[in-house]
Structure formats: C-alpha cells, structure tokens
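Asks: sequence? don't have it. structure:
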C-alpha cells in the first residue's frame, strides 16, 4: 500500500510514517500543507492519503478542501481524514458521490494502532472508515448554507428539486428568467458550490436540499 501523509505536526507525521513502514507499507511523501499534498498525490499516485483537516496557512479546513479536490481529480485514491476536529461543511461534499474510499477518524478516539492501520487499508481498498461521532454530527447538524437562504431562494431550490428548468421556475413564481438566474447564483454562493467545480452545481444543490 502506497500512502501519502499530510500532517503539519512533525512528530505525528514522522510517527505515522514509521508506523506504516514497520508494517510493510510504502510512504513516498510526507507533507505539511494542502498545496504540497495535491502535488504529492499527482506525482506519486498513492493508494490512499492520510490528511489532517487544519493545516497551513490558515489552519482552518485546508486539508478537507484538498481531500474534496483529490477525490474529484483522483477518484481511485482513498482519503482518510485524521483530525482532532469534526468539520461537517466540506465533509458532506466529500461524501456526496458515496462513501467508498473515504474515512474520517478522530485522533483522540483512536486507541489501537492495529485498528487504525486496518481502517486505512480498508479505505485504500475502496471501503469506508467513519468514526461514529462524525456520522452523528453529520446527521444532526443543520446545513448552515441552507439555513442562510432567503425564503424566495428556498422556494427556487425546492422547484429545482422538482426538476423544473429556469423558465419553468420563472413561470411558476411569476418572475423573469433573469431574476431566477440571480436567485440560483445566490444559492450556489451560499452553499459554497464554486463555479470551477467539475460537478454539476445544480445537482449538488438539490442533494443538499433533499438531505435536509
């Protein structure tokens, strides 16, 4: 198994590498930030990535956003998030295409090295490894993007979920198509669906709506 490790804490990064090497796994790259992680995946084509969520430069969600991009650009590469924190905003996007080849474990809840390695091997093979607390948070935490929509934007999104086109939504709400397009653009922005995303933003927005 080829593993790329992205962790800004040097001791933990080196410790993970030694642990995996001792068990016969190959670690072609150790990196400390999300940009280096993307480059390492492109260069080494690992079976799986271990990524912290909060990494330089802002220590917020760089690792998680990089994981979303890796799953999009390298779908055969498994991603195991290994963090002290539960971050649901981008995790939902990471799981939207299915949980196959995805893991999310909490550092302070991993009490057995063998269990951790087994989870990593499972993710590399296309399986799933999700901490129960992460699953619980994903199921019960309201979607902040949806909560920020205006009543009219929710109405437009509801009609999108019914499969209506922009012209169909305009006719239903007695609006111009230009007004509908503006509402939809606001919806995409509030749900953090970037214009450059390869995924169909309309479909992703509807999935978020239906899940809620």
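Replies: Thanks, I have the structure now. Quick caveat: nothing in here was measured; it's all calculated off a predicted structure.

Asks: please identify the helix or strand for the residue most central in space within the chain.
Replies: In the chain, the residue lying closest to the centroid (CA atoms, centre = their mean) is residue 94, at 2.8 Å. Residue 94 is located in helix 88-95, with elements delineated by DSSP states H and E.

Asks: what pairs with the following helix or strand past that helix, parallel or antiparallel?
Replies: Where DSSP H and E defines the elements, the next helix or strand beyond helix 88-95 is strand 102-106. Here strand 102-106 is paired, per DSSP bridges, with strand 78-83 (parallel), strand 128-130 (parallel).

Asks: ok, residues contacting the longest one?
Replies: Residues outside strand 78-83 that contact it (CB atoms under 8 Å, 6 or more residues apart in numbering): 7, 47-54, 63-64, 67, 70-71, 91, 94, 101-107, 119-120, 123-126, 129. C-beta coordinates here come from the backbone N, C-alpha and C atoms, glycine included.

Asks: 7 Å instead?
Replies: 47-54, 64, 67, 70-71, 101-107, 120, 123-124, 126, 129 (CB atoms under 7 Å, 6 or more residues apart in numbering).

Asks: again, but for stretch 45-57
Replies: With CB under 7 Å, 6+ apart as the contact definition, stretch 45-57 has outside contacts at 1-8, 16, 28, 32-34, 37, 41, 60-64, 66-67, 70, 77-83, 85, 87, 120, 123-124.

Asks: out of those, which are inside helices?
Replies: Assigned to helices by DSSP state H, the following of the contacts of stretch 45-57 qualify: 16, 34, 37, 41, 62-64, 66-67, 70, 120, 123-124.

Asks: now for those residues: which two are most distant?
Replies: Within those, 62 and 124 form the most distant pair, 22.5 Å apart (CB to CB).

Asks: distance of residue 25 from residue 121?
Replies: 8 Å (CB to CB, to the nearest Å).

Asks: where do the contact lists of these two overlap?
Replies: Overlap of the contact sets of residue 25 and residue 121 (by CB under 7 Å, 6+ apart) consists of residue 1.

Asks: apart from its neighbours in sequence, what residue is nearest residue 94?
Replies: Ranked by CB to CB, 6 or more residues apart in numbering and with sequence neighbours excluded, the top spatial neighbour of residue 94 is residue 68, at 5.3 Å.

Asks: wait, residue 69
Replies: Of all residues not flanking residue 69 in the chain, residue 38 sits nearest, at 6.6 Å (CB to CB, 6+ apart).

Asks: what about the one you found, neighbour count?
Replies: Counted by other CB atoms under 10 Å, the residues lying close to residue 38 total 18.

Asks: if we can go back for a sec, just the buried ones from the contacts of strand 78-83?
Replies: 47-54, 64, 67, 70-71, 101-106, 120, 123-124, 129 (16 or more other CB atoms under 10 Å).

Asks: quick one: low-confidence ranges for the protein?
Replies: Applying pLDDT under 70 to the chain picks out residues 89-90, 96-99, 136, 138-141, 196-199, 210-212.

Asks: let's see 80
Replies: Across the chain, the ranges flagged by pLDDT under 80 are 88-100, 132, 134-144, 162-163, 194-200, 203-204, 206-212.
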